[in-house]
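Student: How does the following fold in three dimensions:
(one chain, ligands or ions: 1)
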Amino acid sequence: MSDKRQRARVQGSWAKQLPKQPRPAVPPSQNATPAVASWGIHQQITSANFEFHQPIKPVRDVPPEKVIDQAGDYEISHEPSGVSRLRLVPSFLPADKADWIFSKLLAELPWSQKTNVRQGEAYAEPRLTCWFGELPYTYARSTMAANTKWHPLLLNLRRAVSEASGVGGGERFNSLLCNLYRDGHDSIGWHSDDEASLGPQPVIASLSLGDSRVFSLRKKPRPEENGDYTYAERIKVPLGHGALLLMEGATQDDWQHQVAKEYHDRGPRINLTFRSIFPEPQGHRPGTKLRFTGRQADVNLTN
Ligand SMILES: O=C(O)CCC(=O)C(=O)O
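Tutor: Take a look at the predicted model:
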């Protein structure tokens, strides 16, 4: 038996199933190797019938990472939860103004290090923060107390950022989380700003000052991916001195974001994230996450 035919015998059983052959009008040729077909007559085996095909493993490509570094409005996804939108204004503040604001805020804001809790373990958040707003804010199982003593400079910035964001027809953001990344080792891990206290589909306006850092986004996987982000869409947004980034629509439902550590020299950076915060829904633990469940935003108590 030729090598090829030997292979066909061994592999024929799992080779691709072929369409049924019509009954041959004439008996198979003397030279062909007979085989018993399902309808009980000899059918001619041809090399075309039993060609070996390497089983095709479905190949799935990791989507190429996108970069957003130009001013504009971007629709980054369309899902049942809605459209996720980013708006980038790289030079929202002119450099000289941004320099002055940066040094004032660095010196004059009440920076402190927050202790968060993850999987029952307390850890020091690797950045400094302070909070302004009439309500406390809880994330990562740790609460920042209400603080109504807004620095006057922050009140001016709030006005400018609220106008640029068009929040609530001229209303202003009522709260501000200030973040100080002292160097490249300070960071914030993957998360969404989706606490129930921020309401459904919050608008978050993020103003950056100081050294540039990369703001990364990754799309939340579908339920059948079981939390695996291997094939997630990813976007990088370099945020420089004076840049304004708005996250709107379903961005917090469908995407996570982070500022990763950087292991080359990075100077200090301040990030001001303006948002509006509402009293926690009754009976919910502070910091509970709001999750989109298909038809409307719902509260998931498993934060
Ligand atoms: O520093 C940044 O640009 C992002 C901060 C952030 O994601 C947050 O504080 O929730």
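Student: in this structure, what residue is nearest the ligand?
Tutor: Using Cβ to the nearest ligand atom, residue 271 is the residue of the chain that sits closest to the ligand, at 3.4 Å. Glycine gets a C-beta too; all of them are placed from N, C-alpha and C.
Student: could you give the mean pLDDT of the helix or strand hosting that residue?
Tutor: Taking DSSP states H and E as the definition, residue 271 sits inside strand 269-275. Strand 269-275 comes out with an average pLDDT of 97.
Student: what packs against that strand?
Tutor: Contact analysis of strand 269-275 by 3 or more Cβ pairs under 8 Å, 6 or more residues apart in numbering; DSSP states H and E lists helix 95-108, helix 152-165, strand 175-181, strand 204-210 as its packing neighbours.
Student: List the neighbouring strands of the third one plus their orientation.
Tutor: In this case it means strand 175-181. Sheet pairing of strand 175-181 (DSSP bridges) gives strand 128-133 (antiparallel), strand 269-275 (antiparallel).
Student: ranking those strands by burial, who's on top?
Tutor: Of all the strands paired with strand 175-181, strand 269-275 carries the top mean neighbour count, a mean of 23, counting by mean count of other Cβ atoms under 10 Å.
Student: what about the protein, any weak spots by pLDDT?
Tutor: Along the chain, segments meeting pLDDT under 70 span 1-49, 57, 168-171, 281-284, 287, 289-303.
Student: which bits of it sit near the ligand?
Tutor: Proximity of the chain to the ligand (Cβ under 6 Å from any ligand atom) is limited to residues 177, 179, 188, 193, 206, 215, 239, 257, 259, 271, 273.
Student: How about the secondary structure of residue 75?
Tutor: Per DSSP: H, G, I helix; E, B strand; the rest coil, the local secondary structure of residue 75 is strand.
Student: Next, count neighbours for residue 82.
Tutor: 17 (other Cβ atoms under 10 Å).
Student: so it touches residue 250, yeah?
Tutor: Yes. Counting by Cβ atoms under 8 Å, residue 250 is a contact partner of residue 82 at 3.8 Å.
Student: Overlap in contacts, those two.
Tutor: Common neighbours of residue 82 and residue 250, using Cβ atoms under 8 Å, 6 or more residues apart in numbering, are residue 201.
Student: Distance to residue 78 and mean neighbour count for the helices and strands packed on strand 269-275 - can I get that in JSON lines?
Tutor: What follows is the helices and strands packed on strand 269-275, written out as JSON lines (distance: least, Cβ to Cβ, whole Å; neighbours: other Cβ atoms under 10 Å):
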{"stretch": "helix 95-108", "distance to residue 78": "34", "mean neighbour count": "15"}
{"stretch": "helix 152-165", "distance to residue 78": "21", "mean neighbour count": "16"}
{"stretch": "strand 175-181", "distance to residue 78": "28", "mean neighbour count": "22"}
{"stretch": "strand 204-210", "distance to residue 78": "20", "mean neighbour count": "25"}
